[in-house]
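# next one to model:
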Amino acid sequence: MTDDLDALRAALRATPAPDGDQRAATLRLAMENFDRFQGSTDQPRPSQDRPSRAGFWMGVKTMLSNLNLRPSLVATTSVAALCLGVVIMLPPGSLTQGGQTGGVIVDSDPLPKTQGTDAAPTETINPQVPVVVAPKSEPSTTPEQEVLQNALPAPRKAEDAAPLVHRDATTDAAIAHGDALAPKPRSEGLAAAEPVPPLGRNDAPATAARTDDAAVLLAPRTESPAAPAEADALAQTVPQAEAADYGVASATESADTEAPLTDGYMAEAKSDLRTRAQPEVAASIAPAPMDAIVAPPEPNTEAFANADLNPVKVTAAEPVSTFSIDTDTASYSIIRQSLSMGSLPPAEAVRIEEMVNYFPYTYPAPDGDVAPFAAAISVMPTPWNPDTRLVRIGLQGALPAIANRPPLNLVFLIDTSGSMDEPNKLPLLKQSIALALSELRPEDQVAMVAYAGSAGEILPPTAARERNTILRALDNLAAGGATAGAEGIELAYQVAARMAGDGEVSRVLVATDGDFNVGLSDPEGLEAYVAKQRETGIYLSVLGFGRGNLDDAVMQSLAQNGNGTAAYIDTLSEARKVLVDQLTGMLFPIADDVKIQVEWNPAAVAEYRLIGYETRALAREDFNNDRVDAGEIGAGHQVTAIYEVTAPGSAALRNDPLRYGAAPATDGVPAEIGFLRLRYKAPGSDTSTLIETPITGTELATDEARFAAAVAGFGQLLQGSTYLGDWGWDDAIALAVSGRGEDAFGYRAEAINLMRLGQSLAKQ
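Numbering: from 1, shown residues only. Next up, the predicted model:
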């Protein structure tokens, strides 16, 4: 710290030489300002109330008393101006500092230490703004001061005061920071004054300004490149008696060298010295210039639901793979939003199963009333490894007659917390819900619950035919407050239960950025509550909006435990896809607790790897346990899963063969490479149904299977997977283009463009 203060001392020592022309200009300006504010004090000559005994000598005495004041004031001002350059004239009783009046004398030519006749020694700290010290005793008012007080305008508030002659950054800073400027006692000429709080920078032209009931006159000053302007404010904060203690040199001390001061050092020095030297004015320390203030970035609190990538498993040791079916698509939209904003998504935000399931495929529909969905299987060489194969398993849900669907009771639970106050959050949310209203029938009902700090019902159950009433309630929403998400969920379930009727479907649709920070916000508590509510038949789905504080983990937890789906809406087009094109599938499930289990034949498959579904993994014994929750399939929904399998003896094997678990020898190609089992429950049922399908390995792949493989490769590139070898972005793009096929809505073309964008960003 000593070196830094030495540098400060060196900078403060450098002072410009006195300038005679400058002094003359200062005197002229002082006289002009004096005349301007003094005005005419002549009173009208008495006439009607003239004393009867008034005579010649009384008139002479009166004339002399009126004439001798102005010259004396001019002489006093001239002496002060010649010595100091500028006079600050303030009426008594103006602002004070620490119980004492304060004053500042500003001059372009700093003088050595002087001694006022009745004042404490005067010492100049700053070469640009000398600060003087006055006695603490209350002085008597001189006749000159009384006349000056009468001549100056009456004190006014700052907001009512008109600007005087000039105004500069120095005075503005003093006004803005609440610095005290008050008159000082005067014995002969100008008395010394106490130091005052910092005025800020003094490198602007001369000014005059009024603060509260004080008028400040500042004369022009010469620029002093050797004394940084930041030092002015710093020097004024250090009482002269303590200046030496903190290494602040007087302006009159000689300096042989000049040391530049950096902004960073000045900020540290000002903060330290002001606090130590004048604790009582620490609260009024001038802030840094606005262009130097950099607001800290908002913390990124995003959290994503993911797990370690599925490893390659040895079939002889673990031949069975079990997982839950879910049809969420949030991850793909998050990836698209990140890439569109010019950055690669976090690896933990990439869930490949949600990317693959984002796209529609032409799977065969189920046959009649045998099952609510049908399975479609295809086998093809793996694009990134010719020594392995990809097995794609697809499920197509039945699409019941739309005309026969039951009435729908829909409760929108809307996050209106302060974090939603962004264009891609609450405004987009309003537009999205307005789109969904067009898909509702007149007999359907809509209610709205908003939560921010506390939850409230902003729209009671209202028939969908009253569209204007619903839209008005939606338009009145505004963001602000904390996020009482748990309280809002409880109220939404209560409203949904009140709306429920026989044969009707009641659903809660949460629209949020995922930031649950008030109330029962821990995922486990929310999971338990939502899981309990699904037993009543009221399911919950989640729509995510915005980035930065997106709690994807909580959203996924709520949707999975609420027997619903999770989607992320980043554009109005995505809102249409989710809330218009797929609304029926999201709100009307055709199968609950759908589980997939594949048993691989060790004779045909030595190793296998499930691509994705890390967060949906189930234990082998969970497959037959009807009490274990799993995913739902909605009306018309599809589900796709992809395995990469390796045959015995393949060059792509990653594990050594087991000594005591060798696969049994077979003649020729085995009849099956695996066996697919599906379990599901009809909505509202407690007992599951089993569907079994063999996997022969001869199922032909289509263009759509190749496109799904390209998307799976795209996701692995974003994850930085080690299973791709030399296969890269160009290969993924070429495969997607060759398998694009029919693309009525342009989703696949968009995916190809995102791959190209990801390739460019990856090169950076």
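
# contacts only, for Arg538.
Just so we're on the same page, residue 538 is Ile rather than Arg. 493, 496-497, 500, 506-508 (Cβ atoms under 8 Å, 6 or more residues apart in numbering). No exception for glycine: its C-beta is placed from N, CA and C like everyone else's.

# and these, which are buried?
Applying 16 or more other Cβ atoms under 10 Å to the contacts of Ile538, the neighbour count classes 493, 496, 506-508 as buried.

# any chance of those residues in JSON lines, with secondary structure too?
What follows is these, written out as JSON lines (DSSP: H, G, I helix; E, B strand; the rest coil):
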{"residue": "Tyr493", "secondary structure": "helix"}
{"residue": "Ala496", "secondary structure": "helix"}
{"residue": "Ser506", "secondary structure": "strand"}
{"residue": "Arg507", "secondary structure": "strand"}
{"residue": "Val508", "secondary structure": "strand"}
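
# for these, which one is nearest Val737?
Arg507 (38.9 Å; Cβ to Cβ).

# touching, that closest one and Leu408? I think so.
Yes - look at Arg507 against Leu408 with Cβ atoms under 8 Å: they come within range, at 7.0 Å.

# and for those two, which residues touch both?
Leu587.

# outside of whatever helix or strand Gln759 lives in, which residues touch it?
According to DSSP states H and E, Gln759 maps onto helix 747-763. Residues from elsewhere that reach helix 747-763 (Cβ under 8 Å, 6+ apart): 335-336, 339-340, 342-344, 358-360, 707, 710-711, 714, 717-718, 729-730, 732-733, 736-737, 740-741, 743.

# keep only those of those residues that are in helices.
335-336, 339-340, 707, 710-711, 714, 717-718, 729-730, 732-733, 736-737 (DSSP state H).

# highest neighbour count among those residues?
Ala732 (28 neighbours; other Cβ atoms under 10 Å).

# contacting residues around that one?
Ala732 touches 710, 713-714, 717, 755, counting by Cβ under 8 Å, 6+ apart.

# show me which of those residues is closest to Asp444.
Phe714 (38.3 Å).

# my guess is that closest one meets Met355, correct?
Yes - here Phe714 reaches Met355: they are 6.9 Å apart, a contact under Cβ under 8 Å.

# give the contact list for Arg620.
Contacts for Arg620 (Cβ under 8 Å, 6+ apart) come out as 320, 322, 597.

# does the second one count as helix, strand or coil?
This means Thr322. strand.

# separation between the closest residue to Glu607 other than its chain neighbours and Pro381?
Distances taken as Cβ to Cβ, 6 or more residues apart in numbering place Thr646 nearest to Glu607, at 4.2 Å, with adjacent residues excluded. As defined by Cβ to Cβ, to the nearest Å, Thr646 lies at a distance of 12 Å from Pro381.

# pull up the overlap in contacts between these two.
388-389.

# min pLDDT across the contacts of Ile538, which one?
When the contacts of Ile538 are compared by pLDDT, Ala500 scores lowest at 85.

# I'd say that one and Gln494 touch.
No - between Ala500 and Gln494 there is no contact under Cβ under 8 Å: 11.0 Å.

# what about Asp6, how many residues close to it?
Residues within reach of Asp6, counting by other Cβ under 10 Å, total 14.

# pLDDT on the helix or strand it falls within, on average?
Using DSSP H and E, Asp6 sits within helix 2-13. What helix 2-13 shows for mean pLDDT is 69.

# could you measure from the residue lying closest to Val737 once chain neighbours are set aside over to Val411?
Spatial nearest neighbour of Val737, excluding adjacent residues (Cβ to Cβ, 6+ apart): Ile752 at 6.2 Å. Separation of Ile752 from Val411 (Cβ to Cβ): 38 Å.

# of the two, who's got more company?
Neighbour tally, Ile752 and Val411, criterion other Cβ under 10 Å: the higher count belongs to Val411, 29 against 19.

# touching, the more buried one and Arg507? I think so.
Yes - when contacts are counted by Cβ under 8 Å, Val411 is listed as touching Arg507 (7.2 Å).

# can you redo the contacts of Arg620 as a markdown table with pLDDT and neighbour count?
Listed next are the contacts of Arg620 as a markdown table, based on pLDDT from 0 to 100; neighbours: other Cβ atoms under 10 Å:
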| residue | pLDDT | neighbour count |
| --- | --- | --- |
| Val320 | 97 | 15 |
| Thr322 | 97 | 22 |
| Gln597 | 97 | 20 |
